[in-house]
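**Student:** no sequence on this one, just coordinates:
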Ligand SMILES: Cc1cc2nc3c(=O)[nH]c(=O)nc-3n(C[C@H](O)[C@H](O)[C@H](O)COP(=O)(O)O)c2cc1C
Ligand code: SF4
Ligand code: SF4
Ligand code: SF4
Ligand code: FES
């Protein structure tokens, strides 16, 4: 494969386009509401109407507004159809010949769509994730070509540093710096890992990217491999994502067939292979050291860092580990330049962030917005507020490691530092909206239960501390707790945060701490008055 | 090997490059409490009892897995650390069923000793009273899960000193527990050589020699160290 071959594929793909395209969402959300049958029915309807030469029915990735799926959008005019059923297909195809349809229409010019800025999701909803030609026609693998033929590994690392890209897996570690460390660590063998474990309840960004645009991840990983000097990559995906796994495997097969993975890519000396590793769905296996244990076939438990994976990772070799969304930003940065990327977002948080908008919100779905967008714009403008118009009470970001941001703070811009200053975190992108019917102690208990169940059990503070914190929260909810119990809970929060071995335990108290910070009265209202006769906590003799 | 100088609790000391803070402190006669550490096997930083403060580092660091650095300033005995250590001990006592008075290891138990040392006269947390079994299927030894603190020492002793690979951990969180082979009765284990190293490694009365009665069971940690030193350094010296 040389650049001319790549161009030829792109041109052939573009030349084959028909007058109309019916883009039919085939990502998990719509998939689970029957979009496979819808696509089949549309294909049949096109045949029945004798429009095969004019109309292409294309299965595409996520079109964002998951709550209204299955979604079908018509090119070139952009009409968006919602909740499409297979039996709607004849009338829907009929509109192309001047007919009418009763199918519900969405508004592609609503703020939900127009306020988005797509880098990571640029291809999502447009290209067919199951065909490499579709990705190539959208400039796919061009960045990999240019990198291999025109840049040194150091120049690639420098470009990523200059872009200001930070890790999208939660902590926001500067990506270029990490790449540089792995690049500088001497070793005959190095690895690249894509973390697609995505264990936060309510999060589905990474899944959508894998289902909608798997080649962008492969391209990003290959570029990373070249930059750091690795020839082998692994994508670690949870087994709960069968569609993402099959699309990834399909994409890897196609890339290999085309010579875009394997040895001598673009006739350069660079060799890079990617294998998929399937996780059994333990949340802790998203933590990088536990993930690597799992890839090695061992019990997935974290180990103390240092040594960091960049120095000693998989099988003791220097290993670069980045999140799905981080890798998805790589090819666009190299295609359009670090300056372009750095011009988007805020001073310290560059680019965009994908969020999975869920909870008490009208428009549930996937959004990609520039860093620095106000939470209020996301929740009210784009999300359309709570479905029944109820007042929004809080927004939860960062899943079990994050916190609840109260409605008063909705004017906060989403960037790493601002969210951290509110006691939450950017996290990987789960955003759960809560209305005024939500009891915050309930929320804290829910996340604590999650951490308790998902604790790997290796270190004492997390294993035994989450159990005690959970039981104290239950006690509060049952109105059996006293002020002394609440104090005990706060002490435990601090101790578990400060002493746990890995990020799971260190952040497990966050949902409690942040709800205590902004909604303390809800805890206090549930406390039992200390009884006049002794004031003894009754816990021990229950 | 180059030496590093550092201070621990204000005391200037030197340590070999690559030594852990725990080793450096031990050599300088500064006690740091430990539970999951066992001389002779690699450290995993699991119990968090040995956490220390290091100047300029926001996080608390386990002394057993942290390597010394030039100019490092370590504090091992602050109010916060003492408080956290006590809380960790209380969490351990509340987690399973530690009834010292009837335990074979009464008086020889590291958990019990630490609790005394840290003035842990009562437990502020709700006892969980979990139902755990006793495995007495092995000819010579028994395992009482009620007294296990999941320090993992038996697992490491079995894999890395004996090389049998019998012991392992199964389950997550509070359901994590020590198993033999593929979670079968210890007595049915085909890999176990009955060497007893896991029993000697155990800090509590969870692993015991059959027939021992309350307070009789002393573990022989020195034997494990002796074997490892002999194997690695070719020195057959009994430690004191
Ligand atoms: C308990 C726990 C779970 C995690 N889960 C994920 C995950 O599902 N996906 C992810 O990308 N990072 C996860 N992380 C963060 C990873 O350890 C790691 O920092 C990240 O993959 C680095 O990628 P980045 O630099 O691109 O963000 C998790 C961390 C912890 C402590
Ligand atoms: S903090 Fe929790 S998940 Fe992490 S090592 Fe400790 S027990 Fe395991
Ligand atoms: S007796 Fe020896 S071989 Fe058997 S489990 Fe214990 S350490 Fe392993
Ligand atoms: S049986 Fe003993 S040595 Fe093994 S984990 Fe439990 S307490 Fe530690
Ligand atoms: S002795 Fe260091 S963590 Fe257990």
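**Tutor:** It's in. Keep in mind that this is a model prediction, so the values were computed, not measured. Ligands and ions are numbered 1, 2, ... in the order given.
**Student:** which positions in chain B make contact with ligand 5?
**Tutor:** Contacts of chain B with ligand 5, taken as Cβ under 6 Å from any ligand atom, map to B:34-37, B:45-50, B:62, B:64. No exception for glycine: its C-beta is placed from N, CA and C like everyone else's.
**Student:** out of these, who's nearest residue A:150?
**Tutor:** residue B:45 (45.1 Å; Cβ to Cβ).
**Student:** tell me if I am right that that closest one is in a helix.
**Tutor:** No - using DSSP: H, G, I helix; E, B strand; the rest coil, the assignment for residue B:45 is coil, not a helix.
**Student:** the closest residue to ligand 4 within the stretch 1-150 of chain A: what's it in contact with?
**Tutor:** Proximity of the stretch 1-150 of chain A to ligand 4 (Cβ to the nearest ligand atom) peaks at residue A:28, 40.8 Å away. By Cβ atoms under 8 Å, 6 or more residues apart in numbering or on different chains, the contact set of residue A:28 is A:204, A:207-208, A:211, A:241, A:243-244.
**Student:** try 7 Å
**Tutor:** A:207, A:211, A:243 (Cβ atoms under 7 Å, 6 or more residues apart in numbering or on different chains).
**Student:** just the ones of the residues you listed in helices?
**Tutor:** Using DSSP state H, the subset of the contacts of residue A:28 located in helices is A:207, A:211, A:243.
**Student:** now distance to residue A:60 too, for those residues, in CSV please.
**Tutor:** Putting the ones in helices among the contacts of residue A:28 into CSV (distance: Cβ to Cβ, whole Å) gives the following:
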residue, distance to residue A:60
A:207, 15
A:211, 10
A:243, 13
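**Student:** top of those by neighbour count?
**Tutor:** residue A:211 (26 neighbours; other Cβ atoms under 10 Å in any protein chain shown).
**Student:** how far away is that residue from ligand 5?
**Tutor:** Counting by Cβ to the nearest ligand atom, to the nearest Å, the separation of residue A:211 from ligand 5 is 41 Å.
**Student:** thought residue A:247 was touching that residue, still the case?
**Tutor:** Yes - assessed by Cβ atoms under 7 Å, residue A:211 is found in contact with residue A:247 at 5.6 Å.
**Student:** overlap of the contact sets of these two?
**Tutor:** Common contacts of residue A:211 and residue A:247, defined by Cβ under 7 Å, 6+ apart, comprise residue A:129.
**Student:** low-confidence bits of chain B, can you list those?
**Tutor:** B:1, B:238-240 (pLDDT under 70).
**Student:** all strands for it, in order.
**Tutor:** Using DSSP state E, the strands of chain B run over B:3-8, B:11-16, B:51-54, B:61-62, B:73-75, B:134-135, B:141-144, B:167-170, B:177-180, B:207-209.
**Student:** out of those, nearest to ligand 1?
**Tutor:** Closest of these to ligand 1 is strand B:61-62, at 16.9 Å (criterion: Cβ to the nearest ligand atom).
**Student:** still on that earlier bit, for the contacts of residue A:28, give me TSV that also has pLDDT and distance to ligand 1.
**Tutor:** What follows is the contacts of residue A:28, written out as TSV (pLDDT from 0 to 100; distance: Cβ to the nearest ligand atom, whole Å):
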residue	pLDDT	distance to ligand 1
A:207	95	11
A:211	96	16
A:243	96	17
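**Student:** quick one: which of those residues is nearest to ligand 3?
**Tutor:** Comparing the contacts of residue A:28 against ligand 3 with Cβ to the nearest ligand atom places residue A:207 closest, at 42.0 Å.
**Student:** for chain B, just list every one of the helices.
**Tutor:** B:21-27, B:79-95, B:110-117, B:153-156, B:197-201, B:221-233.
**Student:** possible to save these as JSON lines with mean neighbour count?
**Tutor:** Output for those, formatted as JSON lines (neighbours: other Cβ atoms under 10 Å in any protein chain shown):
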{"stretch": "helix B:21-27", "mean neighbour count": "21"}
{"stretch": "helix B:79-95", "mean neighbour count": "20"}
{"stretch": "helix B:110-117", "mean neighbour count": "18"}
{"stretch": "helix B:153-156", "mean neighbour count": "25"}
{"stretch": "helix B:197-201", "mean neighbour count": "25"}
{"stretch": "helix B:221-233", "mean neighbour count": "16"}
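**Student:** thanks a lot, see you next time.
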